[in-house]
Structures are given as structure tokens and as C-alpha cells.
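Participant: Sequence first, predicted coordinates after that:
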Amino acid sequence: MELLEHVRSMSDAADRIALTASGQSQDIAGEVCITASDTMSAYHLPPLLKKLRAIAPGIKIEVHSSNEERDLLRREADIAIRNFRPQQLDLITRLISEPEAGIYAAQAYLEETGRLNDPAEVAGAAFIGYENAERSVTIYENFGVLVDKKQIHYLANTGVVMYEMIKQGLGIGIVDIRTGSMSKQLKRLFPQLEPVTFPIWLTTHRELHTNRRIRIVYDFLAEELAKCY
């Protein structure tokens, strides 16, 4: 056990040295790794990265699409875009925005089952849940929609999968309003309800914030994401 702690301490020290060395780099050309949720990575980052390419063509971007937290200290990523504030020490974190999410269904699904104008009309409707039925019922309650567990006909473990399930007309689901507005196939239900918001946090390690190319990408994302949301 003592040897294991010693090895772990040596590894942490090596990570800090690598971060410090990287933080002192002033070379714009090179790679920057961004980790973001699957929805952010698939639907919102690509147009921003195209714009970044025109500004700084020497920067190569690697995107790690993951809904799990990456360890920035261990260089699993240089920049993180998350819907929660990371608790790891030595991080520079900025709250970009708190956009809204809503309840959506495909136009085709509504034509087949009947239009829904009020949350009281959802009895018998099919819903798409997130990860498990019990949690999904609670999530829908937070939106002001009472759903029986038996109505959760499908489960998704990522936002992208839920979004595509909704578009295919499998049932009613939750999408952030910006993503939902991207598809003409979808209709937002119950806009009269109070929307649920979620935060977007932009994070990097404090040592990396002195690295010129990471600073360029970080500041660019902060500005462009704020415009988007």
C-alpha cells in the first residue's frame, strides 16, 4: 500500500510537470483536445470548429465525445465543455450560459397519435426515457409532465440517441431547445410550462491557460458558445 501511494504521488508529480511545460508553450500550431457531451460534440461543435479553422489553421482539434468527466490534470483533455461544474482543483472554469430544454415530439408521431396541447393529455402517450424508467419519471416531473413508468417505452443513454429516437417518431422526449429548433421534423410540446435550464461550463487547467494555442481555443469557445446560447 505504501509503495502504491509512492507510485501515485510520482505519477501526480509527473502530470504537474507535464502541465507546466505545456503551459509555457507559445507555439500556436499543434493539437488541442476538447471533451464535450455527445450532443454538443455532434450538433454544436462542428460549425464552431470550422470557424476556428479559418482563424487559426495551424491548430488541430481532437474531440472526445463523452458524457463522463475527463481528468484534465492527467491530460485526458485540454478543454472540457460540461453541463456540471467540475470539482477538480486547479481548474479555470467559466459559466457560459444556462440554456433551456423542452419536451419534443416528431410531427409524424403527433399526426399518428393526435396533437397534444396540454400535459394532462399525455395518458397513453409513449415516452423516451434516459438511462432508467424510474429516473425518467422524475425528470419529466421536473418539466411539469406526469408520466407513468409504463409509458417509458424506450430508454436512451445519450442525448444524441434520444434526439434521433424522437425524430424517428418513437415517442416524446427531452431536447435542449437549440438542438430541437434545428429539426423541422420536431415540434416543441407544452411551451406554456416553465422551461428547465441546464448550465454550460467551459473548463481548462490553470497551467494550460498560459499555453497560447489552448488559450486561443478556450477564448474562442467562450465567445462563440455565449453567442449560441
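Facilitator: Cool, got the structure. All of these numbers come straight from a predicted model, not from anything done at the bench.
Participant: got the contact list for F190?
Facilitator: By CB atoms under 8 Å, 6 or more residues apart in numbering, the residues touching F190 are G102, I103, L116, N117, D118, P119, F143, G144, V145. For glycine as for every other residue, the C-beta is placed from the backbone atoms N, C-alpha and C.
Participant: do the same with L91
Facilitator: Counting by CB under 8 Å, 6+ apart, L91 makes contact with L72, T203, T204, H205, R206.
Participant: Save the residues you listed as TSV, and put in distance to Q185, secondary structure and neighbour count too.
Facilitator: Listed next are those as TSV, based on distance: CB to CB, whole Å; DSSP: H, G, I helix; E, B strand; the rest coil; neighbours: other CB atoms under 10 Å:
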residue	distance to Q185	secondary structure	neighbour count
L72	37	coil	26
T203	34	strand	21
T204	36	strand	25
H205	40	strand	28
R206	43	coil	14
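Participant: Hmm, which of those is lowest in pLDDT?
Facilitator: Ranked by pLDDT, the contacts of L91 bottom out at L72 (82).
Participant: If the closest residue to that residue other than its chain neighbours is in a bridge, with which residues?
Facilitator: Excluding the flanking residues, the one nearest L72 by CB to CB, 6 or more residues apart in numbering is H205, at 4.7 Å. On the basis of DSSP bridges, H205 is bridged to L91.
Participant: This structure: strands as residue ranges?
Facilitator: Listed in chain order, the strands of the chain (DSSP state E) span 30-36, 59-65, 79-82, 91-97, 100-106, 127-130, 152-156, 173-176, 186-189, 196-197, 200-205.
Participant: Which residues are in contact with the most centrally placed residue in the chain?
Facilitator: Nearest residue to the geometric centre of the chain (CA atoms, centre = their mean): S37, 3.4 Å. Applying CB under 8 Å, 6+ apart, we find S37 in contact with S65, S66, N67, I81, R82, N83, G159.
Participant: I'd assumed P199 was in contact with F84.
Facilitator: Yes: applying CB atoms under 8 Å as the test, F84 and P199 come out as touching, 7.2 Å apart.
Participant: more neighbours, those two?
Facilitator: The neighbour count for F84 versus P199, taken as other CB atoms under 10 Å, is higher for P199 (13 against 10).
Participant: So the more buried one sits against T93, correct?
Facilitator: No: assessed by CB under 8 Å, P199 is found out of contact with T93, at 10.5 Å.
Participant: list residues touching both of these two?
Facilitator: With CB under 8 Å, 6+ apart, P199 and T93 have common neighbours R85.
Participant: Phi and psi next, for the residue nearest to the centre of the chain.
Facilitator: phi -60, psi 160 (degrees, to the nearest 10).
Participant: Can you pull out the low-pLDDT segments for the chain?
Facilitator: 1-27 (pLDDT under 70).
Participant: Show me the domain layout of it.
Facilitator: The chain breaks down by automatic domain parsing into domains covering 2-98+199-228, 100-197.
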